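J.: for reference, the sequence and a predicted model appear below.
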Amino acid sequence: MTSRPQMIINVLQANPDEQFTARQLAKKIIDHYGAELAVKR
């Protein structure tokens with residue numbers, strides 16, 4: 001399982017030329033790690 005801080009780092013590294021609001025970043029993380037986050041709940 002990927003830790004949440006690592007999820008944030010991975011999303012930011014995958015999109016180096018973009019800036020995100022917290023909401024946009026959360027949406028990207030959910031889109032990319034949705035299944036893994038569902039297991040953590």
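T.: Thanks, I have the structure now. Numbers count the residues shown, from 1 in each chain.
J.: tell me, how many residues neighbour residue 32?
T.: Neighbour count of residue 32, defined by other C-beta atoms under 10 Å: 15. Every C-beta, even on glycine, is put in place using the N, C-alpha and C of the backbone.
J.: so how far is the helix or strand where residue 5 lies from its chain's centroid?
T.: Using DSSP states H and E, residue 5 sits within helix 4-14. Distance of helix 4-14 from the chain centroid (C-alpha atoms, centre = their mean, to the nearest Å) equals 6 Å.
J.: let's see the pLDDT reported for the spatially most central residue of the chain.
T.: The structure's the chain has its C-alpha centroid closest to residue 29; by C-alpha atoms, centre = their mean the separation is 2.4 Å. In this model, residue 29 is scored at 95, pLDDT.
J.: what is the three-state secondary structure of it?
T.: Counting by DSSP: H, G, I helix; E, B strand; the rest coil, the backbone at residue 29 sits in helix.
J.: wait, it sits on residue 8?
T.: Yes. Counting by C-beta atoms under 8 Å, residue 29 does reach residue 8; the two are 6.7 Å apart.
J.: tell me which residues are up against the helix holding residue 5.
T.: 2, 20, 25, 28-29, 32-33 (C-beta atoms under 8 Å, 6 or more residues apart in numbering).
J.: can you pull the buried residues of that helix?
T.: Residues 7-8, 11 are the ones in helix 4-14 that count as buried (16 or more other C-beta atoms under 10 Å).
J.: nearest to residue 37 among those?
T.: Among these, residue 7 lies closest to residue 37 (C-beta to C-beta), at 8.4 Å.
J.: mind listing what the residue nearest to the centre of the chain touches?
T.: 4, 7-8, 11, 37.
J.: output the below-cut-off pLDDT ranges for the chain.
T.: 40-41 (pLDDT under 70).
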